[in-house]
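K.L.:
Predicted structure and sequence below. I'll ask about it afterward.
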Amino acid sequence: MRHERHFTERQASAALGWVSERLDAMREARGHLLDPAARAAVAESGPTNGGGEPGRVIGEGFLDLRRAAAELDGAGVVVRDLERGLCDFPAIRDGREVYLCWVESEEDEIGYWHELDDGYPGRQPL
């Protein structure tokens, strides 16, 4: 077994709102990390004062991103593509470990699964 935690379809579907909130937090934090003005200000002033306010924005963005990612990881959710909101939930199906697969743009319940090594192209309806 690759994973310690396994979800039932019901548990994974029930977690989707919580997962979406963390994905949103990660996207927002990533925006702070990639903000061109903040990055330029940090690069320009970083050696003398740590970047001041822009440095704080980037630092907080990093911490927020790390926090949300750690929460998802701690819950056993595997984020595959942050932009699309593609996530896998380890599960046991017919006695073997698989992933329940969800994309944020899909319905508010899990509708697909795939083998551990098949990935998104191997998705099958439940």
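P.N.:
Good, I have the coordinates. Numbers count the residues shown, from 1 in each chain.

K.L.:
For Ala68, what are phi and psi?
P.N.:
For Ala68, the backbone dihedrals are phi -70, psi -40 (criterion: degrees, to the nearest 10).

K.L.:
Tell me how many other residues surround it.
P.N.:
A total of 22 residues lie near Ala68 under the criterion other C-beta atoms under 10 Å. C-beta here means a position set from N, CA and C on the backbone, and glycine is covered the same way.

K.L.:
Quote the end-to-end distance of stretch 75-86.
P.N.:
Between the start and the finish of stretch 75-86 there is a gap of 16 Å, counting by C-alpha to C-alpha, to the nearest Å.

K.L.:
Pull out the buried residues from that stretch.
P.N.:
Neighbour-count burial for stretch 75-86 flags 76-77, 79, 82, 85-86 (criterion: 16 or more other C-beta atoms under 10 Å).

K.L.:
Looking at these, which one is closest to Glu97?
P.N.:
For these, the closest approach to Glu97 (C-beta to C-beta) belongs to Gly76, at 11.9 Å.

K.L.:
which stretch of helix or strand covers the residue nearest to that closest one when sequence neighbours are not counted?
P.N.:
Leaving out its chain neighbours, the residue that sits closest to Gly76 by C-beta to C-beta, 6 or more residues apart in numbering is Arg5, at 3.5 Å. In the assignment (DSSP states H and E), Arg5 maps to no helix and no strand.

K.L.:
can I assume Phe89 is in contact with Trp113?
P.N.:
No - if you go by C-beta atoms under 8 Å, Phe89 and Trp113 don't touch, sitting 9.1 Å apart.
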